[in-house]
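Visitor: One predicted model, sequence on top.
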2 protein chains.
Amino acid sequence: MTEAAPVADAALPLEHLIASLLVVRGSGHLLDSQRRYPQWELANAELQSLLKLGVGGVILLGGSAAELSLRCRQLQDWAGGPLLLCADVEEGVGQRFEGATWLPPPLSLGQLHGHDPAQAIELAHRYGRCTGREARALGLNWVLGPVCDVNNNPANPVINVRAWGETPDVVAALTRAFCQGLQAEGVLGCAKHFPGHGDTSVDSHLELPVLPHDRQRLATVELPPFAACIAAGIDAVMTAHLVLPALDRQRPATLSKAVLTDLLRGELGFDGLVVTDALVMEAISRHYGAGEAAVLALEAGADLVLMPADARAALAAISDAVASGRLSRAQLEASAVRRQRALTRVRSGARAALHEPDQQLVRTLLQLSLQRQGGTVGSPGTAGGINLIRLETCLQAPQAVPQLPALDLPAACGYRPVLLEPRSPRPWSDAPEAPLNLDTLGAGPVLLQLFVRGNPFRGSSAANEPWAQAIAQLQQLGRLAGVVVYGSPYLWQSLQRVLDPGIPAAYSPGQMPQAQAQALHSLGIGHTDAGMEADNGFTD
Amino acid sequence: MTEAAPVADAALPLEHLIASLLVVRGSGHLLDSQRRYPQWELANAELQSLLKLGVGGVILLGGSAAELSLRCRQLQDWAGGPLLLCADVEEGVGQRFEGATWLPPPLSLGQLHGHDPAQAIELAHRYGRCTGREARALGLNWVLGPVCDVNNNPANPVINVRAWGETPDVVAALTRAFCQGLQAEGVLGCAKHFPGHGDTSVDSHLELPVLPHDRQRLATVELPPFAACIAAGIDAVMTAHLVLPALDRQRPATLSKAVLTDLLRGELGFDGLVVTDALVMEAISRHYGAGEAAVLALEAGADLVLMPADARAALAAISDAVASGRLSRAQLEASAVRRQRALTRVRSGARAALHEPDQQLVRTLLQLSLQRQGGTVGSPGTAGGINLIRLETCLQAPQAVPQLPALDLPAACGYRPVLLEPRSPRPWSDAPEAPLNLDTLGAGPVLLQLFVRGNPFRGSSAANEPWAQAIAQLQQLGRLAGVVVYGSPYLWQSLQRVLDPGIPAAYSPGQMPQAQAQALHSLGIGHTDAGMEADNGFTD
């Protein structure tokens, strides 16, 4: 890493200077027709045109690891100069780009920290290295993580298992280690969502949450992880779309000078890149126009504007604000210098080839976070049993790529699958004490597998379904063969209260195929069948 | 195209000569961990080792168009020499490799031929050009099509809409045009499945079908399309795994000298490449060992052995057969010469960049094949309606990439989705006259959308469900808002018999997102909402 000290280019046209402070959204796919979210992902002609204007960064989603590598090269070519290429790869690059390593969520390390802090910290560092190494190999230079929010609200619909822990100390220790892992790979990181999004029960993708805490509480709970990452030299901090009346009664943190300038720059002494969360999110876009939101964010002290609802409108509004004196060119130049300085910290070098994912790290994290009760799942008998799988979505389910051991392994033992997702025919009756309509499932013992975690935009419909009562119903009928929960530790804890101690059950924080295979193996499903194991490609 | 006349390389080691006659299966994905079918798709180390031995071709499945382009380059590099790279892209390259053009199935053109032969033939030519152009741009040099089977058995579980028609003349005319389209793009084709797989009701992926016809009938019905393609200069013919007692009481066509040598080479005068269908298919692998099947195929007159159940065993068995005199080196050299001659017909040139799919051709094919009855679908009222969608599989459904207009467009009109697939909770009651258990669906008018076509391996579970009775049930209750069938014209015809003429209903042979948008627009769903159209990215 070189530590040059860039200075502002006074000759840079204002239009180009402004453009360099925008980060726009693109698809990780190469073709316009492949875009999954065309309402948010710019078409290639527009992307190319904006990059020519000097737009400073692109946030990518969608596509496989191989496609991402081609895409990053294409975008760098279009830009002509150094470009920030970022993605929300909080749980490994494979969380978003199939083929790379998809790691179990950070909260699993927060739980491990409770009984083995040293190992948790070492694994958080490996977590950062794995993410940074693969990001760089594929062409990303900026990982939008770690999440520094303290998840002290189990009902949080948007942070939840994305957090590194439930207490400030744990989150601080693990996010610092993660940052150091990224740095060791020469990739930029981003602490988010400042000043803390862990104690909300509202999804800021849909509404604007309010955090009622006073400054003393913020200093005790929300801020320490950010302070730890800043002390560790984090490159960027991302703002939260929530209102903190104790700091600013009027504006959400993203648009608040009190939060970004007074608190983050002043009190916390952060001099790196301040980037907004996506301005296109409803919490902002419902209340402010696309141009005005961008101007307010810069006025508040942000350096970079992420995903403005309308990039052209943002460029024009910022330009007008400079003309009218609302914003100074000097301020924008200072932001551009911070951007350039960050880019000098990116380790360049030959693009690596695609590599197999780090299965060893996935396996270690899964082994250390697996929870179990009861014995092993019995044979369903000759008439067969039911493998009731609740997915948050069936269509394009990442849990089913490349295969779905949660379906395949029980099938090989005589449990036929019943797949449930929010749009399935209703398996529910109107009886609160016996909520499952067993006619829709068929006869035989039931193995129940729930894939449940908080999800931005979608919340968790499954968490609102009467699974505790369904478990009680099946237990009473003597038809509960076993239970596996993938994802939410809170759901697992709540179900454990009703589960008979003798019922075989397991919890894994991960939802990926390896997590399925491992949890089912721990219940005696598929473990002894070497053929099945060879087939599903996992060796644990 | 150059028409050099390769001669056998007498100095080629026998091992290399034999290897050049094998076509093995690889994944279109780059990493071993991404393989969808690891039991069939060789791992990279084994692929690389076999290519070093001189294996002559790879058949690819899986991965996106972008991944395929990287994969083809990688395999060519590993091979060192010219390599056959093929795929079952019968319905456009996008049928298998997302991002390229996915065309409606060939049978749609067979139906168009009934009232506009000239247009059908012109479109079959464009179909071939589109497929050939994209195959070559991505690195494939051999398209495993056209299907020359005459689909005169609507219950055919494996050919069905893959056929170009239901009569020999139509199939001959359209497959010839398709071949000429491929040739114009400098890509090899393959007429299949010789001597005709259209009149079977058994899936040869699972069992060995028997075709009881005499030679006269074969000459009248099954053979003319193959003869037409041979006359048009088709490069290769693929064998069928079925028994024709009139020609060979003992061996399936793939392994029959009477079929491959006497009929195909002799009577039909074909001197191009004869390639087996995949030897790993149950119809062969259940009856013959991996090595013996390969030897028998070559003995019968095949040049290339596709997907032997065990490539190493096939190499060893062929080598032993030469040593023992069962096979002659001269015969293998003649096959190698045919392979080299085919490769000289491949147009080489700079690899093109990825291009947007040919939406215009898709749109034209869909417009010409759409069928309609009744008026437009009404509003469901303020309480909303149900959009009951039957998919053949929810997991990794290609119909849902990049979006699922069948779900999104009705949702915008107040029809909430209920997704049904073979593993969903049962929506059925035990009453034959009222088979739908309406409690599992909820209240309101029902829009019914059925995605049904024959699928190798899976058949069509949906075709066995009581949809005609369900339609009668909903009509009687006054709850049937509309019906759309995507895929099988046979299901559509059978449902039309029970549909009240006033019920809005549509049939599209395609299942891709454009087919969904177009059929629904024709029923007045989503057509007037410009926002929806912009969102789904289709402009028809």
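Guide: That came in fine, so what should we check first?

Visitor: Next to chain B, which bits of the stretch 401-540 of chain A? Give me the list.
Guide: Residues of the stretch 401-540 of chain A lying near chain B by Cβ under 8 Å from any Cβ of the partner chain: A:401-404, A:407, A:416-421, A:423-427, A:437, A:439-442, A:534-537. Any C-beta I mention is one placed from the backbone N, CA and C, and that applies to glycine too.

Visitor: Check the residues you listed for burial and list the buried ones.
Guide: A:401-404, A:407, A:416-421, A:423-427, A:437, A:439-441, A:535-537 (16 or more other Cβ atoms under 10 Å in any protein chain shown).

Visitor: Helix, strand or coil: sort out the residue in the stretch 151-300 of chain A positioned nearest to chain B for me.
Guide: Nearest residue of the stretch 151-300 of chain A to chain B, counting by Cβ to the nearest Cβ: A:V280, 14.5 Å away. Here A:V280 is recorded as coil under DSSP: H, G, I helix; E, B strand; the rest coil.

Visitor: got a list of what A:G444 touches?
Guide: Counting by Cβ atoms under 8 Å, 6 or more residues apart in numbering or on different chains, A:G444 makes contact with A:P380, A:G381, A:A383, A:G384, A:G385, A:I386, A:R479.

Visitor: Quick check: phi and psi at the fifth one.
Guide: It refers to A:G385. The phi/psi pair for A:G385 (degrees, to the nearest 10) reads phi -130, psi -180.

Visitor: Roughly how far does the residue of chain A most remote from its centre sit from chain B?
Guide: Within chain A, the residue lying farthest from the chain centre (Cα atoms, centre = their mean) is A:T382, at 42.9 Å. According to Cβ to the nearest Cβ, to the nearest Å, A:T382 stands 21 Å off from chain B.

Visitor: Spatially, and excluding backbone neighbours, which residue is closest to that residue.
Guide: Spatial nearest neighbour of A:T382, chain neighbours left out: A:G414 (8.0 Å); criterion: Cβ to Cβ, 6 or more residues apart in numbering or on different chains.

Visitor: just A:V346 next, same as before
Guide: Nearest to A:V346 is A:N141, by Cβ to Cβ, 6+ apart, at 4.4 Å.

Visitor: correct me, but that neighbour touches A:T344?
Guide: No - applying Cβ atoms under 8 Å, one finds A:N141 not in contact with A:T344, separated by 11.2 Å.

Visitor: still on that earlier bit, can you list which of the residues of the stretch 401-540 of chain A next to chain B are found in strands?
Guide: Per DSSP state E, strands hold the following members of these: A:R416, A:P417, A:V418, A:L419, A:L420.

Visitor: Dump those to CSV, plus pLDDT.
Guide: Output for these, formatted as CSV (pLDDT from 0 to 100):
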residue, pLDDT
A:R416, 97
A:P417, 97
A:V418, 97
A:L419, 97
A:L420, 96
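
Visitor: Look up phi and psi at the residue farthest from the centre of chain A.
Guide: Residue torsions, per degrees, to the nearest 10, at A:T382 are phi -70, psi -30.

Visitor: cool, and the one 5 residues further on?
Guide: With angles defined as degrees, to the nearest 10, A:N387 sits at phi -110, psi 90.

Visitor: same thing with A:G272?
Guide: Torsion angles, degrees, to the nearest 10, at A:G272: phi -90, psi -160.

Visitor: what's near enough to touch A:I386?
Guide: Neighbours of A:I386 in contact, by Cβ under 8 Å, 6+ apart: A:Y415, A:R416, A:V418, A:L441, A:G442, A:G444, A:P445, A:V446, A:L447.

Visitor: If I look at the residue most central in space within chain A, what pLDDT would I see?
Guide: Nearest residue to the geometric centre of chain A (Cα atoms, centre = their mean): A:E90, 4.6 Å. Here, the pLDDT recorded for A:E90 equals 98.

Visitor: If you drop the residues flanking it in sequence, what lies closest to it?
Guide: Using Cβ to Cβ, 6+ apart, the closest residue to A:E90 is A:G145 (4.3 Å).

Visitor: since we're on that neighbour, how many residues are nearby?
Guide: Residues lying near A:G145 (other Cβ atoms under 10 Å in any protein chain shown) number 29.

Visitor: isn't A:L218 right next to A:F194, touching?
Guide: No - between A:L218 and A:F194 there is no contact under Cβ under 8 Å: 10.7 Å.

Visitor: higher neighbour count, these two?
Guide: A:F194 (28 against 18).

Visitor: and the more buried one, what does it touch?
Guide: Per Cβ under 8 Å, 6+ apart, neighbours of A:F194: A:C148, A:F226, A:V237, A:M238, A:T239, A:A240, A:A253, A:V259, A:L260, A:L264.
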